[in-house]
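1. need a structure here:
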Amino acid sequence: MNRKPVRKAIFPVGGMGTRFLPATKAMPKEMLPIIDRPLIQYAVEEAAAAGIEEFIFVTGRGKHAIEDHFDESVELNHLLSEQGKDDVLADIRGWMPKPGQVSYTRQMAPLGLGHAVWCARHLIGDEPFAVLLADDLVMSKTPCLKQMVDVYGETGGSVVAVMDVPREHTDRYGILDVNHDDGRLASVKGLVEKPAPADAPSTLSIIGRYILQPNVFRWLDRQEKGEGGEIQLTDAMASTLEDGPFHGMRFEGRRFDCGNKIGFVEATLAFALSRPEMAPAVREIIANLR
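-> Residues are numbered from 1 along each chain as shown. Model prediction:
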């Protein structure tokens, strides 16, 4: 079967980042750095490694730093060239999207993830697309979205990245109700947003990686509010289950929830320890803090 390739990705970056105040008072939370790269750059690099060609940012007020980050800085490039730092300059140019690959649209009100995705509908058109939440940082040999694109090539339809969570945490996530689960892929028959532990159909939760079909916009167009008074992407996905295959994919790698402070610190340490030039010094620092 010929399937349309996944060429476009949406990055919802309109949130206020209140959990990290006062650091995020003047800086987008997506620009918080893990070592030497902001969270949003990790997400964009992951998307590019999966073959994404168009990067769509759904922004809000005070997000200009993201636009500047993914733009050329003539002054910086000139300075690095004058200083002979060609390796640094090459690194910057290596992860920058090409002209015309980046688009921005505004989410005018904080109405939830489903609303943020809906704001990009005209830029998506009639194509499958990915959604990446920068708060969810995945360390893996094969980028998480690349794993999902490979699965999409096998199954078609929609694919979400999933992981098992403690039952007492199901009220924090979108949870899958599954038909069949072979340990790698789960065939989905239902989706529930943040169910109470006693009501959760499973403990298989969606993290911030999605490959979706454009039919999801039919439900989002209705602008119906769900859990928390927001327009929930989980509800929209549930409305498409009869239209074609829908799978949850257990990804290879480790996910860090950088939307909270502990997860952010954990990710910083893990990524520092993964770098041979940093690991010995970081281990010594940790040992001396005990």
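2. what segments of the stretch 51-200 of the chain are strands?
-> Assigned by DSSP state E, counting those that start in this stretch, the stretch 51-200 of the chain shows strands spanning 54-59, 102-106, 129-132, 136-139, 158-164, 174-181, 185-193.
3. pLDDT weak spots in the chain?
-> Residue ranges of the chain with pLDDT under 70: 1-2.
4. show me the helices in it, by range?
-> For the chain, applying DSSP state H gives helices covering 39-49, 64-69, 74-82, 86-95, 113-118, 121-124, 144-155, 216-220, 233-238, 261-273, 279-289.
5. now for the longest one, which elements pack on it?
-> So that's helix 261-273. strand 33-34, strand 136-139, strand 254-257, helix 279-289 (3 or more CB pairs under 8 Å, 6 or more residues apart in numbering; DSSP states H and E). Placement of C-beta: from N, CA and C, glycine included.
6. of the ones you listed, which stretch is the most buried?
-> strand 136-139 (a mean of 22; mean count of other CB atoms under 10 Å).
7. let's have the helices and strands packed on helix 261-273 in CSV, adding distance to Glu227.
-> CSV is the format used below for the helices and strands packed on helix 261-273 (distance: least, CB to CB, whole Å):
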stretch, distance to Glu227
strand 33-34, 29
strand 136-139, 19
strand 254-257, 19
helix 279-289, 39
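8. wait, Leu168 sits on Pro195?
-> Careful, residue 168 is Glu and not Leu. No. Assessed by CB atoms under 8 Å, Glu168 is found out of contact with Pro195, at 11.9 Å.
9. who's more crowded, these two?
-> Neighbour tally, Glu168 and Pro195, criterion other CB atoms under 10 Å: the higher count belongs to Pro195, 18 against 11.
10. quick one: that one from Asn260, how far?
-> Computed as CB to CB, to the nearest Å, the Pro195 to Asn260 distance reads 21 Å.
11. try Met278
-> 24 Å.
12. for Asp86, same thing?
-> Applying CB to CB, the value for Asp86 to Asn260 is 39 Å.
13. which of these two has more residues huddled nearby?
-> For the pair Asp86 and Asn260, the greater number of neighbours falls to Asn260 (13 against 10), based on other CB under 10 Å.
14. so Ile124 sits against Glu54, correct?
-> No. Counting by CB under 8 Å, Ile124 does not reach Glu54; the two are 9.0 Å apart.
15. now do the shared contacts for the two.
-> Overlap of the contact sets of Ile124 and Glu54 (by CB atoms under 8 Å, 6 or more residues apart in numbering) consists of Lys8.
16. more neighbours, the two?
-> Using other CB under 10 Å, the more surrounded residue of Ile124 and Glu54 is Ile124, with 21 against 18.
17. tell me the contacts of that one?
-> So Ile124 contacts 8, 10, 56, 214, 217 (CB under 8 Å, 6+ apart).
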